[in-house]
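>>> Just a sequence and a predicted model for now, questions to come.
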Amino acid sequence: MDKVSVPLAGREYDIYIGPGALQNFDFARLIAGRDVLIVSSETPAKLYADVLIAQIKRSHKLREQSAAQALRLESIVFADGESAKTLASAGEIFAKLAHMQASRDVTLVALGGGVIGDLTGFAAALWMRGVAFIQVPTTLLAMVDSSVGGKTAVNLPAGKNLVGAFWQPKAVVADIDVLRTLPTRELSAGLAEVLKYGAYGDAEFFAWLEAHAAKLLQLDPVALTHAIVRSCQQKAGVVLRDERETGERMLLNFGHTFGHAIEALMDYKGILHGEAVAIGMVRAAQLSADIGLSSAADTQRLIALSHALQLPTRVPPALLPAALLATMRLDKKAISGAIRLILWRGIGAGFVGTAEDAAILRAWTQ
Ligand SMILES: NC(=O)c1ccc[n+]([C@@H]2O[C@H](COP(=O)([O-])OP(=O)(O)OC[C@H]3O[C@@H](n4cnc5c(N)ncnc54)[C@H](O)[C@@H]3O)[C@@H](O)[C@H]2O)c1
């Protein structure tokens, strides 16, 4: 199994990546007390909860023969999708933990996509002012992005991710075998975040992706592991240097300010986050080229790679440029006058910049 370390002082953890992890990983090493709560949603729970529970028990037994019976393992399962990421769901987790009489040494295990990871991390950050949690991501997006870096959150009716905490997991265990059941569209949406790492910060990785797009879509284990490892290394490095997103971490938002506007205007329906980000990255590249920062050839390479990864690059026609611009203005990155965005000077050369309305409108119309 490959390993990427996140050496945050006092909160260091490792990300384990490879096939078969669910059946082989020594979970017991990370479980301090006897209480474990697995948090999941319907689909990953149905597909993988049994194997995860069996492996947690097996590893516990191997480690502590005499205490094997003492492990108290419970589960809570939410509906699939973004609707689970609420304060009410966190409240259900707290009620379950209270029912278990779980103390400070309880371990929460998030088995699912980014929604479950964000919700579980949020609950772990708050229960008894913070307890251990392990991320077992089951979507590609969660493996390369949401499970790494310690951002946890739930949504409010007023907006996404409005309530949250920085809370790092004890470990991330990414078993690439689980991606076989992931719908292709979700796989491509995860690949958008992989592509992002190359696009804003690593030209060599971008070129590698151009050469391996087909293998990634075919779930070739070697290519997939490489892409996840490289993405996690990049994210871990950024998180290490800027955990609280005051500088460099903002670069991870390449394409996101545009993408969020699309998602918000579509009421988060009919488009996946990664798809919106893919369209957003192309807008950011076009805007950069328009104002003379980068070449049109680099924009074309980005468009071609997005297509090779089966990602959209065009704005849904029903969304009007003026409405998209207005939605961007509501984004928290808007500062007096110009909007703050991640732009690029070409592949691998993203930076935090600002743009005027006219330039942004032009990028939306292309
Ligand atoms: N914390 C962060 O830094 C961060 C970063 C990016 C995104 N996010 C959050 O992540 C969330 C999106 O995550 P996501 O894209 O993983 O979506 P998701 O969690 O909704 O999962 C997508 C769908 O795939 C299903 N699924 C999960 N694993 C599966 C598997 N192995 N086989 C079949 N189906 C499976 C899920 O049940 C769900 O229906 C958003 O809430 C977003 O805000 C957080």
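All right, it came through fine.

>>> gap between residue 304 and the ligand?
Applying CB to the nearest ligand atom, to the nearest Å, the value for residue 304 to the ligand is 24 Å. Every residue, glycine included, has its C-beta placed from N, CA and C.

>>> how close does that residue get to residue 320?
Here the criterion is CB to CB, to the nearest Å. By it, residue 304 lies 27 Å from residue 320.

>>> Which residue is the nearest non-sequential neighbour of the residue most central in space within the chain?
Taking CA atoms, centre = their mean, the centroid of the chain lies closest to residue 146, which sits 2.3 Å from it. Excluding its sequence neighbours, the residue lying closest to residue 146 (CB to CB, 6 or more residues apart in numbering) is residue 114, at 3.5 Å.

>>> Could you pull up the residues touching that neighbour?
The neighbours of residue 114, taking CB atoms under 8 Å, 6 or more residues apart in numbering as the test, are 137, 139, 141-142, 145-147.

>>> returning to that earlier point: can you tell me which residues contact the residue nearest to the centre of the chain?
113-114, 117-118, 137.

>>> give me the low-pLDDT residue ranges for the stretch 1-150 of the chain?
Applying pLDDT under 70 to the stretch 1-150 of the chain flags the ranges 64-69.

>>> so which strand or helix has residue 44?
helix 42-63 (DSSP states H and E).

>>> just the helices in the chain please.
Counting by DSSP state H, one finds helices in the chain at the ranges 21-24, 42-63, 87-99, 114-126, 140-141, 184-201, 203-217, 221-241, 256-265, 273-290, 296-308, 321-330, 357-365.

>>> Out of these, which gets nearest to residue 248?
With CB to CB, the closest approach to residue 248 among these belongs to helix 221-241: 5.5 Å.

>>> Show residues contacting that closest one.
Contact with helix 221-241 is made by 2, 4-8, 15, 17-19, 140, 143-145, 148-150, 172, 174, 176, 179, 191, 193-194, 197, 201-202, 205, 208-209, 212, 215-216, 247-249, 251-252, as judged by CB under 8 Å, 6+ apart.

>>> Of those, select the buried ones using a ChimeraX command.
Burial among the contacts of helix 221-241 is assessed by 16 or more other CB atoms under 10 Å; the matching ChimeraX selection reads:
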select :4,6,15,17,18,19,140,143,144,145,148,149,150,172,174,176,179,191,193,194,197,201,202,205,208,209,212,216,249,251,252
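
>>> hang on, the earlier thing: counting by contacts, list what the helix holding residue 44 packs against.
helix 21-24, strand 35-41, strand 72-78, strand 107-112 (3 or more CB pairs under 8 Å, 6 or more residues apart in numbering; DSSP states H and E).

>>> Try it again at 6 Å.
helix 21-24, strand 107-112 (3 or more CB pairs under 6 Å, 6 or more residues apart in numbering; DSSP states H and E).

>>> Tabulate those (TSV), appending distance to residue 94 and mean neighbour count.
Putting those into TSV (distance: least, CB to CB, whole Å; neighbours: other CB atoms under 10 Å) gives the following:
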stretch	distance to residue 94	mean neighbour count
helix 21-24	27	17
strand 107-112	11	28
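
>>> out of the contacts of residue 146, which touch the ligand?
113-114, 118 (CB under 6 Å from any ligand atom).

>>> In contact with the nearest residue to residue 86 once chain neighbours are set aside, which residues?
Nearest non-adjacent residue to residue 86, counting by CB to CB, 6+ apart: residue 154, 5.5 Å away. Residue 154 sits next to 85-87, 90, 122, 163 when contact means CB atoms under 6 Å, 6 or more residues apart in numbering.
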